[in-house]
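*Asks:* I would like to see how this sequence folds:
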Amino acid sequence: MAQTTTRSGAVGSEDEVRAKVQEGYAAIARASDGGSCCGPVGGCGVRSDADELARKVGYSAEELAALPEGANLGLSCGNPGAIAALAPGERVADLGSGAGFDCFLIGPKVGPSGRAIGVDMTSEMLARARANVARYRERTGLDNVEFRLGEIEHLPLADGAVDVVISNCVINLSPRKAQVWREIARVLRPGGRVAVSDLVLLKPLPDAARSLVEALVGCVAGAALVDETRAWMAEAGLEQVELRIKSDYLAAMEDSQDPLYHKLLEVLPAGARASDYVASAEITARKPKLRKGCC
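*Replies:* Residues are numbered from 1 along each chain as shown. Okay, the predicted model is just below:
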């Protein structure tokens, strides 16, 4: 059975990691009020302040008010649709689209000639997103959002199928992050761009923190070091790579009663804070354009 390991120190079988993540997010999808990033797993409670968190990481009150009911499950660590600078007519893939939160916001930005394609491996999340498509159509008059079942390591998209790839606090959950970045490069058209919000490690987590199931499902234990992420993106052939470290998500965790944050504090060295190790990041890049004369 394959093991996944990074310089940040996370170790575990790929199948075990995927199963834990899938179980955690299926539970969040089934919860009537949404969930925290770590979800209702192992004592990690359900989040009741999903809109408040979304506002703190960059979403406007107008955006949140326009969403179909239940699309915001409190799983964001940034607003990738905002940093993507979307234009009408663009095709956008959302990796780990969950209940459709970002896709339903992207749809009006790309308009009737564009398309938002959500990809998620959890059937419960997919069902929840698809159930809201009709309400989205009624509210916007648009029929430009769809959701596909699939893993972000093996995207159900053709080569060069999209102009933009976004993702919101999901790539860190993958046990094969280098493969995810290769897939992103594959499905982007030449000149296409990446806009990702994710958690990254500023330094390796202690072993006790990496072993918490809540920390894995909660986007923390699987997070990669900044230098690792840069290397994987470069190896995938992406250019103009930028990682902008932000403090808003961790500040929101520290100000809240989030069970994951408090569990982390119990296993971190005395006096340490989660923000000493983990940060949210805006990650952008482009796929090189085809050279003149190239087929």
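
*Asks:* need the phi and psi values for the nearest residue to E151 once chain neighbours are set aside.
*Replies:* Counting by Cβ to Cβ, 6 or more residues apart in numbering, the nearest residue to E151 once its immediate chain neighbours are dropped is M121, at 4.8 Å. Heads up, the C-betas are built off the backbone N, CA and C, glycines and all. With angles defined as degrees, to the nearest 10, M121 sits at phi -90, psi -10.

*Asks:* burial of M121, as a residue count?
*Replies:* M121 has 20 neighbours, counted by other Cβ atoms under 10 Å.

*Asks:* check A87 too.
*Replies:* Burial of A87, expressed as a neighbour count using other Cβ under 10 Å, amounts to 12.

*Asks:* please name the residues that touch the residue nearest to it when sequence neighbours are not counted.
*Replies:* In space, and not counting its chain neighbours, A87 is closest to V110: 7.3 Å by Cβ to Cβ, 6+ apart. V110 sits next to 86-92, 116, 144 when contact means Cβ atoms under 8 Å, 6 or more residues apart in numbering.

*Asks:* I245 belongs to a strand?
*Replies:* Yes. Residue state for I245 (DSSP: H, G, I helix; E, B strand; the rest coil) corresponds to a strand.

*Asks:* tell me how far it lies from E282.
*Replies:* I245 sits 8 Å away from E282 when distances are taken as Cβ to Cβ, to the nearest Å.

*Asks:* ditto for G222
*Replies:* Separation of G222 from E282 (Cβ to Cβ) stands at 19 Å.

*Asks:* longest strand in this structure, please.
*Replies:* strand 188-201 (DSSP state E).

*Asks:* name the strands paired with that strand and say parallel or antiparallel.
*Replies:* On the basis of DSSP bridges, the sheet neighbours of strand 188-201 come out as strand 162-168 (parallel), strand 224-225 (parallel), strand 278-286 (antiparallel).

*Asks:* mean pLDDT for those strands: which is lowest?
*Replies:* Lowest mean pLDDT within the strands paired with strand 188-201: strand 224-225, a mean of 91.

*Asks:* ok, then the element right after that strand?
*Replies:* On the C-terminal side of strand 224-225, the closest following helix or strand by DSSP states H and E is helix 226-235.

*Asks:* show me what that next one is packed against.
*Replies:* Applying 3 or more Cβ pairs under 8 Å, 6 or more residues apart in numbering; DSSP states H and E, one finds that helix 226-235 makes contact with helix 177-187, strand 188-201, strand 239-246, strand 278-286.

*Asks:* go through the helix or strand where A19 lies and flag the buried ones.
*Replies:* When elements are defined using DSSP H and E, A19 is found to belong to helix 14-30. Of all the residues in helix 14-30, those buried under the rule 16 or more other Cβ atoms under 10 Å are 17-18, 20-22, 24-29.

*Asks:* let me see the mean pLDDT of it.
*Replies:* 79.

*Asks:* tell me the helix or strand right after that helix.
*Replies:* Going down the chain from helix 14-30, the next helix or strand is helix 50-56, by DSSP H and E.

*Asks:* please point out which parts of that following helix sit buried.
*Replies:* With burial defined by 16+ other Cβ under 10 Å, the residues of helix 50-56 counted as buried are 50-51, 53-56.

*Asks:* can you redo the residues you listed as CSV with distance to E266 and pLDDT?
*Replies:* Below are those laid out as CSV (distance: Cβ to Cβ, whole Å; pLDDT from 0 to 100):
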residue, distance to E266, pLDDT
A50, 25, 84
D51, 28, 88
L53, 22, 84
A54, 27, 90
R55, 28, 89
K56, 24, 86
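
*Asks:* export the residues you listed as CSV, with columns for distance to A131.
*Replies:* Shown next, in CSV, are these (distance: Cβ to Cβ, whole Å):
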residue, distance to A131
A50, 17
D51, 20
L53, 23
A54, 20
R55, 25
K56, 27
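
*Asks:* closest to S76 out of these?
*Replies:* A54 (5.7 Å; Cβ to Cβ).

*Asks:* what sits against L268?
*Replies:* For L268, the set of contacting residues under the criterion of Cβ under 8 Å, 6+ apart consists of 206, 209, 274, 276-277.

*Asks:* just the buried ones from those residues?
*Replies:* Neighbour counting with 16+ other Cβ under 10 Å marks 209, 274, 277 as buried within the contacts of L268.

*Asks:* what's the closest residue to the second one other than its chain neighbours sitting at in phi/psi?
*Replies:* Meaning A274. Across the structure, with Cβ to Cβ, 6+ apart as the measure, the residue nearest A274 apart from its sequence neighbours is L264 (5.0 Å). The main-chain torsion angles of L264 are listed as degrees, to the nearest 10 and equal phi -60, psi -40.
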